[in-house]
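Student: Fold the following, please.
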Amino acid sequence: MSTPDDNEKKIPSENHDGEKEGNATLGFAILFFMAGLIGSLLVGWVVFPKLLYSQKEQPIDFNHQVHMDAVSDGCQSCHFYREDGTFAGVPTLAQCSECHESAQTEDPNEVKFVDEYVTPGKEVPWLIYARQPDCVFFSHAAHKEMECKTCHGDIGESTSLKPYEENRITGYSRDIWGDNIGGFGKNTWDSMKMDDCAACHERETGSKGPCFQCHK
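Tutor: Prediction:
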């Protein structure tokens with residue numbers, strides 16, 4: 001037969017068991033939340049971008065490094081400002097033909113370029129990495145004091161064109177956002193979202209500028 005004293009001794013034990021069960025439930029809930037959060041971030045920043053973009057190859061490959069060694073004015077030899085201030089981002093066939101009227105090497109890319117484009121007088125249908133959305137206006141002239149690689153990376157040192165990554169939904173290049181959708185990266189060109197541009201404008205001018213400065 002139990003005494004009142006015996007019942008009083010059992011109560012703390014029951015409370016202690018309940019507290020342990022509560023802590024275990026709370027711990028499981030926190031663990032479940034953290035696993036869901038990390039999983040969502042991985043899906044949003046790693047898995048989803050890979051599914052969102054399709055890869056396309058350029059019509060022909062291009063070796064920037066070889067051309068940088070061959071021309072006298074660097075990038076400006078092919079990419080320059082026109083008289084009206086607009087920027088010629090992609091060289092025309094006429095510009096390329098000045099040096100490639102006929103194949104100078106046995107490089108299959110140069111041979112293909114001459115046979116399929118120079119000889120028939122057909123412009124190369126390049127896929128433009130930096131083509132902006134129709135609602136955006138970008139002035140190269142306003143940024144001409146900056147180094148090209150600030151936004152485009154060390155393209156002058158590349159020996160081959162990288163794959164063109166096209167957004168399956170919008171049809172635009174991944175390069176207008178940058179490779180890192182999460183905004184992290186060691187290079188300025190890793191992330192080229194609107195917030196990155198606004199932050200740079202604010203550092204340089206003290207103001208992010210009005211919306212219509214970039215959006216039309």
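Student: who's in contact with the residue nearest the centre of the chain?
Tutor: When CA atoms, centre = their mean is applied to the chain, the residue found nearest the centroid is residue 178 (1.6 Å). Contacts for residue 178 (CB atoms under 8 Å, 6 or more residues apart in numbering) come out as 185, 189, 190, 191, 192, 193, 196. Where you see a C-beta, it was placed from the backbone N, CA and C, and this is true even at glycine.
Student: my guess is the third one meets residue 177, correct?
Tutor: No: contact criterion CB atoms under 8 Å: residue 190 and residue 177 do not qualify, at 10.2 Å.
Student: So between the two, which is more surrounded?
Tutor: The neighbour comparison of residue 190 against residue 177 (other CB atoms under 10 Å) goes to residue 177, with 18 against 15.
Student: Kindly provide the distance from the more buried one to residue 189.
Tutor: Counting by CB to CB, to the nearest Å, the gap between residue 177 and residue 189 amounts to 11 Å.
Student: What pLDDT does the model give the residue lying closest to residue 170 once chain neighbours are set aside?
Tutor: Nearest residue to residue 170, sequence neighbours excluded (CB to CB, 6 or more residues apart in numbering): residue 133, at 7.3 Å. Per-residue pLDDT puts residue 133 at 86.
Student: same thing with the one 4 residues further on?
Tutor: You'll see residue 137 listed with a pLDDT of 86.
Student: Please list all residues in contact with the residue nearest to it when sequence neighbours are not counted.
Tutor: Leaving aside its sequence neighbours, residue 137 sits nearest to residue 216 (CB to CB, 6+ apart; 4.9 Å). Shown in contact with residue 216 (CB under 8 Å, 6+ apart): 135, 136, 137.
Student: One more: residue 128?
Tutor: Residue 128 neighbours (CB under 8 Å, 6+ apart): 89, 90, 173.
Student: would you list the residues you listed in TSV and tack on distance to residue 148, neighbour count and pLDDT?
Tutor: TSV is the format used below for the contacts of residue 128 (distance: CB to CB, whole Å; neighbours: other CB atoms under 10 Å; pLDDT from 0 to 100):
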residue	distance to residue 148	neighbour count	pLDDT
89	11	14	87
90	14	14	89
173	17	19	92
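Student: Check those against residue 28 and report the nearest one.
Tutor: residue 173 (44.3 Å; CB to CB).
Student: For that closest one, give the beta-bridge partners.
Tutor: residue 166 (DSSP bridges).
Student: Now tell me what touches the helix or strand containing residue 96 from outside.
Tutor: Using DSSP states H and E, residue 96 falls within helix 93-97. Residues outside helix 93-97 that contact it (CB under 8 Å, 6+ apart) are 78, 113, 117, 118, 121, 122, 123, 124.
Student: Just the buried subset of those residues, please.
Tutor: Buried subset of the contacts of helix 93-97 (neighbour count, 16 or more other CB atoms under 10 Å): 78, 113, 117, 118, 124.
Student: Where do the domain boundaries of the protein fall?
Tutor: Each domain of the chain is listed here as a residue range: 4-55, 127-213, per automatic domain parsing.
Student: quick one: which of those is nearest residue 73?
Tutor: Of all these, domain 127-213 comes closest under CB to CB, at 12.1 Å.
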